[in-house]
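Student: Next input, structure requested:
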Amino acid sequence: MKAIIISALVWLNISLIYSQTGNISHIQVSPHKDVPGKFEVRFDLEGQKAYNISLEVSFDGGNTYMPVPKAHITGDAFFVSSGTDKVIVWDGMAGFPDKHNEEANLKIMAYEAKELSSIIYYLSDETGNYNLFTGQIIDNKINNRQQLTFYTGNDYVFAYDICKNTGRILYAVTQDGRRGDLYLLETINSSPTLVPNQPNTRIGPLVKWSPDGHSMLFSLGGNTYYHHLQTATMNLDGSNYEIIITTNQPMSRACHKNTILWLDEGLYIGVTPQWAAHATDHDLWFRNSSGTFSKLTNTAGIGENRAFLSPDGTTLVFETLDNSGRRGIRYMPKYGGEQTVIIPHSRENVCWPDGWVDNETIIYAHRPNISGTKLDLYLIGIDGSNAINLSNQPDANIRDAILISK
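Tutor: Below you'll find the model as predicted:
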């Protein structure tokens, strides 16, 4: 590309609902000093909200514009607050390799980022006990923390889910460090009530609301914590109890927290075969409403687990594991297909997804190294760019987050 021409092509889209204003100014575009075909876009941003920055490019003098793929943009492009000298690096050659001899007009667009207002999550104290907390995300940090459960000793919360239709919270808590019971919080300020359960049933490490919020799904532990697990459904009053996945079915060890994704169309479940020796034996399966199983992943040397469906219902983000126990994050089409890496496996990136913010952003838990214990919550684009630490807890683990509203 011979030149990038900027001429009155700045568009700032502000929602009037929030009565905010903003402005992009002092735009400068220059070739990257080290990498041919890349460009640095510098600008100042004024406004009272956070913004997502996008680029569009025209090769016909500004008559028509094409969006620049987000995978080809890095830098200050996601949840950008006001400030000076913001920098985006655009890989123009990667997106438009046949246009390298043409002039281009570049349009910079700043969309108000979707506001993340409330979140619920686990947080451990200095003794290692996990309890439930809620908070608000303000300026890309979790503030106004409120503790919801207060278990101590050998008792702690180890699985939970929130019904987005009603706001009710269902969670499992240990008794004597092993056996699990189910409890219900009608609101974040209410006292927990015990959910009626079948006699001698130990709840495993998985709890989910049904799509309509009228019943629940949970795993059942056998003689050991992770093996011989079954999966059952039940109404809140203990009626209509039914085991829907037994130990002789291919999804019998669906045991990981938040592994089951329960939708109207069926269940997504991450499974390890009975007594499997390696994390790479994990795979994602789908069970449709008639009870038929289909395997979605079978990647050599990589195990897949802990899946979440994008808001538009097209894409699964999930955790991957290798034989060294290193975790990464990938995404793929909802019924399987090519996997795209968001965060690769490494000892410096021990992580797993906790869900989606929007169709281009996920929230995930991150640990600095494979032997460490500290966990924080991050946002990141599915192209692997613009990771933001939401929690930055110096002496505690925070994980398994669910966005309540945004």
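Student: Report whether Ala94 is found in a helix, as I expect.
Tutor: Yes. The assignment for Ala94 by DSSP: H, G, I helix; E, B strand; the rest coil puts it in a helix.
Student: what residues are up against it?
Tutor: Listed by C-beta atoms under 8 Å, 6 or more residues apart in numbering, the contact set of Ala94 reads Gly37, His72. For every residue, glycine as well, the C-beta is placed using N, CA and C.
Student: How about Ile380?
Tutor: Applying C-beta under 8 Å, 6+ apart, the residues near Ile380 are Ile342, Ile343, Thr361, Ile362, Tyr364, Asn386, Ala387, Ile388.
Student: At which residues are the strands of the stretch 301-406 of the chain located?
Tutor: 303-309, 315-321, 327-333, 340-343, 350-358, 361-367, 376-381, 388-389, 398-405 (DSSP state E, counting those that start in this stretch).
Student: domains for the protein, by residue range?
Tutor: The chain is divided into the following domains under automatic domain parsing: 4-112, 118-405.
Student: between the ones you listed, which gets the lowest average pLDDT?
Tutor: With a mean of 72, domain 4-112 has the lowest mean pLDDT of the domains of the chain.
Student: for the contacts of Ile380, which one is nearest Ser124?
Tutor: Tyr364 (17.5 Å; C-beta to C-beta).
Student: can you tell me which residues contact the residue lying closest to Leu263 once chain neighbours are set aside?
Tutor: Spatial nearest neighbour of Leu263, chain neighbours left out: Pro211 (6.0 Å); criterion: C-beta to C-beta, 6 or more residues apart in numbering. Applying C-beta under 8 Å, 6+ apart to Pro211 gives the contacts Trp262, Leu263, Asp264.
Student: Scan these and report the most crowded one.
Tutor: Trp262 (19 neighbours; other C-beta atoms under 10 Å).
Student: ok, that one touching Asp212?
Tutor: No. Using C-beta atoms under 8 Å, Trp262 is not in contact with Asp212; the gap is 10.3 Å.
Student: list the helices and strands the helix or strand hosting Leu106 packs on?
Tutor: Using DSSP states H and E, Leu106 sits in strand 104-112. In terms of contacts (3 or more C-beta pairs under 8 Å, 6 or more residues apart in numbering; DSSP states H and E), strand 104-112 is packed against strand 4-5, strand 10-13, strand 22-31, strand 38-47, strand 51-58.
Student: now that strand against strand 51-58, angle please.
Tutor: For strand 104-112 against strand 51-58, the angle by axes from the mean of the first three to the mean of the last three C-alpha atoms, to 10 degrees is 160 degrees.
Student: Toward the C-terminus, what is the element adjacent to strand 104-112?
Tutor: strand 118-124.
Student: what helices or strands is that following strand leaning on?
Tutor: Against strand 118-124 (3+ C-beta pairs under 8 Å, 6+ apart) you get strand 130-138, strand 141-147, strand 157-162, strand 398-405.
Student: Alpha carbons of it, as CSV, please.
Tutor: Extracted C-alpha coordinates of strand 118-124, given in CSV (Å, rounded to 0.1, in the frame of the first residue of the first chain):
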residue,chain,number,x,y,z
SER,A,118,-22.6,-7.5,37.7
ILE,A,119,-20.7,-10.7,38.1
ILE,A,120,-20.8,-13.7,40.5
TYR,A,121,-17.8,-15.9,41.2
TYR,A,122,-15.9,-18.1,43.6
LEU,A,123,-13.3,-16.6,45.8
SER,A,124,-11.1,-18.5,48.2
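Student: contact partners of that strand?
Tutor: Contacts of strand 118-124 (C-beta under 8 Å, 6+ apart): 130-137, 142, 145, 148, 157, 160, 162, 169, 188, 377, 390, 393, 396-405.
Student: Give me the sheet partners of that strand and which way each runs.
Tutor: Sheet pairing for strand 118-124, assigned by DSSP bridges, gives strand 130-138 (antiparallel), strand 398-405 (antiparallel).
Student: out of the ones you listed, nearest to Val195?
Tutor: strand 130-138 (15.5 Å).
Student: Give the buried residues for the closest one.
Tutor: Tyr130, Asn131, Leu132, Phe133, Thr134, Gly135, Gln136, Ile137 (16 or more other C-beta atoms under 10 Å).
Student: Tell me how far the fourth one lies from Pro205.
Tutor: Noted for Phe133: a distance of 19 Å to Pro205, by C-beta to C-beta, to the nearest Å.
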